[in-house]
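Chemist: using only what follows, build the 3D model:
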Amino acid sequence: MKLLMIILDESVRDEVESVLSRHGVDGYTEIPMVLGEGLSGKKLSSRLHPGANSIVFTIIDDSKLEEIRSALLATCTGRASDPGCPKPIHIAVLKVEEFL
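Modeler: Residues are numbered from 1 along each chain as shown. This is a model prediction of the structure:
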């Protein structure tokens, strides 16, 4: 099993939820309105640094990893509102020994 920690720009939240649903992910946990600084700049939900991220956690079967990973990263492709698509999604994959 793998734990996916998906850090996403709030603008793609619905797309991420849709990807998870289409790929049979039946449960996840979201931490909304996460503030910070990274490759795409500061997201502090302020006038000077607008925007925020969310973090979504889900546990998946190892066999589903590549298809879900690819589908999540593809949410960037073809976004007319954001032609540069400054990596609005980051994914950390962690091994899960046990989930009760």
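
Chemist: all helices for this protein, in order.
Modeler: Applying DSSP state H to the chain gives helices spanning 13-22, 65-73.

Chemist: in JSON lines: those helices, plus mean neighbour count.
Modeler: No exception for glycine: its C-beta is placed from N, CA and C like everyone else's. Listed next are those as JSON lines, based on neighbours: other Cβ atoms under 10 Å:
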{"stretch": "helix 13-22", "mean neighbour count": "16"}
{"stretch": "helix 65-73", "mean neighbour count": "16"}
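
Chemist: CSV for the ones you listed, including mean pLDDT?
Modeler: Shown next, in CSV, are those (pLDDT from 0 to 100):
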stretch, mean pLDDT
helix 13-22, 93
helix 65-73, 92
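
Chemist: for those, which one sits closest to I89?
Modeler: I89 lies closest to helix 65-73 among the helices of the chain, at 5.7 Å (Cβ to Cβ).

Chemist: of all the helices of the chain, which lies closest to P88?
Modeler: helix 13-22 (9.2 Å).

Chemist: per-residue pLDDT of P86, please?
Modeler: P86 carries a pLDDT value of 58.

Chemist: what about the chain, any weak spots by pLDDT?
Modeler: 77-87 (pLDDT under 70).

Chemist: would you map the strands across it?
Modeler: Assigned by DSSP state E, the chain shows strands spanning 2-9, 29-34, 36-38, 41-43, 53-60, 89-95.

Chemist: now for the third one, which elements pack on it?
Modeler: When you say that, I think you mean strand 36-38. On a contact count with 3 or more Cβ pairs under 8 Å, 6 or more residues apart in numbering; DSSP states H and E, strand 36-38 meets strand 41-43.

Chemist: parallel or antiparallel, list what pairs with the strand it packs on.
Modeler: Strand pairing for strand 41-43, using DSSP bridges, gives strand 36-38 (antiparallel).

Chemist: now the partner strand, how far from the centre of its chain.
Modeler: 15 Å (Cα atoms, centre = their mean, to the nearest Å).
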